[in-house]
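*Asks:* Next come a sequence and a model predicted from it.
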Amino acid sequence: MRRTGPVRIRLIVLFQIVMLFFGVKAVSQRNVIVDADTGNEVDDFYALARILLEPSVKVTALNAAHWQTSHWAIAETMENSHRLNQQLLGEMNIQLKTNRGGLARMYDWGDRARHSAAAYEIIEQAQGSGRVTILVLGALTNVASAVFIEPSIAEKLDVYWLGTEMEFETGVLKRNDFNPMMDQFALDYLLNSKVNMHIMPVSVALAMQVDFDEMNTKIGNHFLGGFLMKRWEDHLDGSRRNRILWDLALITAFIKPSLATTKVVHTSKDSGNRSITFYDTIDADAIYADFYATLLAFGKE
């Protein structure tokens, strides 16, 4: 994903030849689309940095999501997320396809889809061979719009999403947290679809609390770490000294399944009446240790 010069390319080829000579197979990569409301909160930058640095994952497209329904919303929230996505890629010296998503939540009647480059990226990939994995860090607008436009792709999508609260004892799914509220219809539409869903409830991701000083001590002197810490300070509530990096939990649980546990829940009739995989525990300390180690190993070329 990073730009590579002729010397680096030759070294990579030489390394692969050596690996083949000794009978060692190269690590296969999983292709994913990432869909993020990057302008909304601080945690998106940290989560995106983590997955962009993961050698076992190839991000095929980075889609921008809106957060227009928030009472903190600024003008053109999707465009804000799109710009920040490109800013982060520039800081990391990564070339990657970026797409604009829907401007706001899905429409209330008629053609309810938000037609966007992000939605059509999902459709195009799903109409190819194989399944398509999408990691969604915000509203489900882009994914639900893609399925609304082309319902036949639903069975080919594996969606990993942060949102809702699941009461595992009672099976009650609550939907009054931020991401569901950004597009309630999109969530209902996907729950009642054939999309394969993996959900990280916010009640589980709540364990991802971290202190500013602790984080800054760990990564502040690193060029990318300093950039991420500046995002924390420059955010509209940058005076907060403690945060929950929600999205980092979902991203790392996808990359390293051993750092979380899941439970399959058959949802109620008003939530799709089907089996959905929910994360029920995460090892927050291990997730942060993984994040620090991965980021600090990343150097400028």
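*Replies:* Arrived safely, thanks for sending. Numbering: from 1, shown residues only.

*Asks:* contacts and neighbour counts: CA atoms only from here.
*Replies:* Noted.

*Asks:* what number of residues lie near residue 171?
*Replies:* 12 (other Cα atoms under 10 Å).

*Asks:* Next up, the contacts around it.
*Replies:* 265-268 (Cα atoms under 8 Å, 6 or more residues apart in numbering).

*Asks:* Likewise for residue 156?
*Replies:* Shown in contact with residue 156 (Cα under 8 Å, 6+ apart): 126, 130-132, 195-196.

*Asks:* List buried residues within those.
*Replies:* 126, 131-132, 195-196 (16 or more other Cα atoms under 10 Å).

*Asks:* Just those residues: which are in helices?
*Replies:* Using DSSP state H, the subset of the buried ones among the contacts of residue 156 located in helices is residue 126.

*Asks:* Identify, from the buried ones among the contacts of residue 156, the entry nearest to residue 145.
*Replies:* residue 195 (12.6 Å; Cα to Cα).

*Asks:* Doesn't residue 159 belong to a strand?
*Replies:* Yes - applying DSSP: H, G, I helix; E, B strand; the rest coil, one finds residue 159 inside a strand.

*Asks:* Any idea what it is bridged to?
*Replies:* For residue 159, the beta-bridge partners are residue 134, residue 197 (DSSP bridges).

*Asks:* burial count for it?
*Replies:* Counted with other Cα under 10 Å, residues neighbouring residue 159 total 20.

*Asks:* helix, strand or coil for the residue lying closest to residue 195 once chain neighbours are set aside?
*Replies:* Leaving out its chain neighbours, the residue that sits closest to residue 195 by Cα to Cα, 6 or more residues apart in numbering is residue 154, at 4.8 Å. Under three-state DSSP, residue 154 falls in the helix class.

*Asks:* ok now do residue 147, which residues does it touch?
*Replies:* 123, 153-154.

*Asks:* Name the SS class of it, please.
*Replies:* Going by three-state DSSP: residue 147 is helix.

*Asks:* Distance of residue 172 relative to residue 239?
*Replies:* For residue 172, the distance to residue 239 equals 35 Å [Cα to Cα, to the nearest Å].

*Asks:* er, residue 253 I mean
*Replies:* In terms of Cα to Cα, residue 253 sits 29 Å off from residue 239.

*Asks:* could you pull out the strands for the stretch 151-300 of the chain?
*Replies:* Under the criterion DSSP state E, counting those that start in this stretch, the stretch 151-300 of the chain carries strands at the ranges 157-162, 165-167, 172-174, 196-200, 209-211, 242-244, 260-266, 275-282.

*Asks:* Quick check: which of those is nearest to residue 103?
*Replies:* strand 157-162 (19.4 Å).
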